[in-house]
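[1] here is my input; please provide its structure:
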Amino acid sequence: MRAMQNRDEQKPRGGFFQRLRERINGGRGLGLTLGLAGRKLDAELAEELETQLLMADVGVDAADQVLDALRKKLGQAAIDSDAQVRELLRDVVADMLRGHAQPLRVDLSAQPYVVLVVGVNGSGKTTTIGKLAKRLQDEGHSVMLAAGDTFRAAAIEQLQAWGERNDVPVVAQQPGADPAAVIYDACEAARARGIDVLLADTAGRLQNKAGLMGELEKVVRIAGKLDPSAPHEKMLVLDASLGQNAISQAVEFHNAVGLTGITMTKLDGGAKGGVLVSLAARLDLPFRFIGIGEQADDMDVFDADAFAAALVGVEPT
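    Numbering: from 1, shown residues only. Predicted structure coming up:
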C-alpha cells in the first residue's frame with residue numbers, strides 16, 4: 001500500500017487552474033449543450049440559461065445580473081455557437097468577480113499581523129491555516145499558530161500537527177480553555193518573539209447561535225488589547241459544497257465580526273462553485289484563496305479570470 005501511495009505522490013499533479021477546472025462541478029462547466037447557434041437571447045433561452053446557472057449554485061439574484069450583462073453583450077444579434085455564449089459568460093462572470101480578487105497582504109508594520117480564521121465546523125478552517133502557514137513561510141514570513149478552537153481536542157492536535165510539519169510554533173492550552181485567553185497569550189508570545197504573522201484558529205460556530213457568535217466577538221475584542229488594530233484580517237472559511245447556505249453564513253459572520261476576507265474550500269468533490277458569484281453580488285468583501293483538496297498546493301490565491309473560465313468550462317483569457 002505504501003509503495004502505491006508513493007507512486008501516486010510522484011505522479012504529476014498539473015497546474016492549479018487545470019486541477020480547478022477538472023474538479024469544479026465535476027469538470028462539466030455549466031453544461032451548455034443547448035444547440036444555441038442561430039438563436040437569440042429571448043425569454044425562452046434566458047430561462048434555459050438561468051436554469052444552468054442555478055444548477056451551478058449561482059443563485060437567483062446573481063443569475064439575473066449575469067443574464068442582464070449577457071443581453072447587453074449579445075444585443076439583438078443571433079448567436080454564432082455554444083462556444084460564443086460560453087466565452088461571453090466567462091467574461092461576464094469574470095467582470096463580476098474581478099473587484100473581489102484581492103490577495104492577502106501582510107502589513108509588516110503590525111507585529112504580529114493577526115489573522116483570525118472563523119467559520120462553522122467542517123468548513124476547513126484548520127487545514128486552511130496549515131496551508132496558509134506554509135504559503136507565508138515560502139514568502140519569507142515568520143509564522144506562529146494559535147489553537148483557539150479549544151472545544152475540540154482534535155482541532156488542537158490537528159493544528160499542532162501542521163505546526164510540526166512546517167516547523168511553526170503553536171500556542172495551545174488544554175481543551176476547554178478560554179479561547180480568548182489563548183489568542184491573547186499567542187499575541188503576547190508572537191510580539192515577544194518578533195513573529196510576522198499570527199494565524200489564529202477559532203471554534204466552529206453555527207451562524208444562528210447567538211451565544212457562540214458572542215464568544216467570537218469576545219475573541220475579536222481580546223485580540224485588540226495589545227494592538228487596537230488587531231485582528232488585522234478576519235477571514236471566513238466557507239465550504240463550497242454548501243451552496244447557497246454559504247451566503248447566509250457569510251452574512252451572519254460579517255454582521256458579527258466585520259469580515260475582511262473570504263476563503264472558499266472544497267471546490268472539489270462535487271461543489272458547483274457558482275456560490276462565489278452569489279457572494280460577489282451580495283457582499284463587498286475580498287476573496288482571498290480557493291481550495292480544491294487537502295494538499296498544501298491545493299490552495300491558491302483567488303484569480304477571477306481563471307475561476308470564471310473553470311466555472312463556465314472554457315480556457316481563461
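[2] assumed residue 290 was part of a strand.
    Yes - when DSSP: H, G, I helix; E, B strand; the rest coil is applied, residue 290 is found to be in a strand.
[3] that one touches residue 300, doesn't it?
    Yes - applying C-beta atoms under 8 Å, one finds residue 290 in contact with residue 300, separated by 6.6 Å. From N, CA and C alone the C-beta is placed, and that goes for glycine too.
[4] higher neighbour count, those two?
    Neighbour count, other C-beta atoms under 10 Å: between residue 290 and residue 300, residue 290 has more, with 26 against 18.
[5] now do stretch 202-210, average pLDDT.
    Computed over stretch 202-210, the mean pLDDT rounds to 69.
[6] list the contacts of the residue sitting furthest away from the middle of the chain.
    Here the chain has its C-alpha centre computed as a mean, and the residue farthest from that point, by C-alpha atoms, centre = their mean, is residue 38 with 38.6 Å. Residues touching residue 38, when contacts are defined by C-beta atoms under 8 Å, 6 or more residues apart in numbering, comprise 78-79.
[7] Three-state assignment for it, please.
    Here residue 38 is recorded as coil under three-state DSSP.
[8] what separates it from residue 240, distance-wise?
    Summarising the geometry, the distance separating residue 38 from residue 240, computed by C-beta to C-beta, to the nearest Å, is 36 Å.
[9] care to break this structure down by domain?
    As assigned by automatic domain parsing, the chain contains the domains 16-98, 113-301.
[10] please, where are all the strands along the stretch 201-317 of the chain?
    233-239, 261-265, 287-291, 299-301 (DSSP state E, counting those that start in this stretch).
[11] again with the stretch 51-200 of the chain
    Under DSSP E, counting those that start in this stretch, the stretch 51-200 of the chain gives strands at 113-118, 143-146, 170-171, 197-200.
[12] and the first one, what does it pack onto?
    Meaning strand 113-118. Here strand 113-118 touches helix 125-138, helix 179-192, strand 197-200, helix 210-223, strand 233-239, helix 245-257, going by 3 or more C-beta pairs under 8 Å, 6 or more residues apart in numbering; DSSP states H and E.
[13] so it versus helix 125-138, what angle?
    Between strand 113-118 and helix 125-138, the angle comes out at 160 degrees (axes from the mean of the first three to the mean of the last three C-alpha atoms, to 10 degrees).
[14] in its sheet, what does strand 113-118 sit against?
    When pairs are called by DSSP bridges, strand 113-118 turns out to pair with strand 197-200 (parallel), strand 233-239 (parallel).
[15] who's residue 291 bridged to?
    Counting by DSSP bridges, the residues bridging with residue 291 are residue 299.
[16] minimum distance to residue 71: which of the strands of the stretch 51-200 of the chain has it?
    Each of these has some distance to residue 71 by C-beta to C-beta; the shortest is strand 113-118, at 38.3 Å.
[17] for the closest one, buried residues please.
    Neighbour-count burial for strand 113-118 flags 113-118 (criterion: 16 or more other C-beta atoms under 10 Å).
[18] equivalent analysis for stretch 231-248, please.
    231-243, 246-247.
[19] between these, which sits nearest residue 131?
    Nearest member of the buried residues of stretch 231-248 to residue 131, counting by C-beta to C-beta, is residue 237, at 10.7 Å.
[20] can you pull the contacts of that closest one?
    Under the criterion of C-beta under 8 Å, 6+ apart, the contact list for residue 237 reads 117-119, 123-125, 128, 262-265.
[21] can I get those in JSON lines including pLDDT and distance to residue 226?
    As requested, the contacts of residue 237 are arranged in JSON lines below (pLDDT from 0 to 100; distance: C-beta to C-beta, whole Å):
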{"residue": "117", "pLDDT": "97", "distance to residue 226": "19"}
{"residue": "118", "pLDDT": "95", "distance to residue 226": "20"}
{"residue": "119", "pLDDT": "93", "distance to residue 226": "24"}
{"residue": "123", "pLDDT": "90", "distance to residue 226": "28"}
{"residue": "124", "pLDDT": "90", "distance to residue 226": "28"}
{"residue": "125", "pLDDT": "92", "distance to residue 226": "23"}
{"residue": "128", "pLDDT": "95", "distance to residue 226": "24"}
{"residue": "262", "pLDDT": "98", "distance to residue 226": "26"}
{"residue": "263", "pLDDT": "97", "distance to residue 226": "25"}
{"residue": "264", "pLDDT": "95", "distance to residue 226": "31"}
{"residue": "265", "pLDDT": "94", "distance to residue 226": "30"}
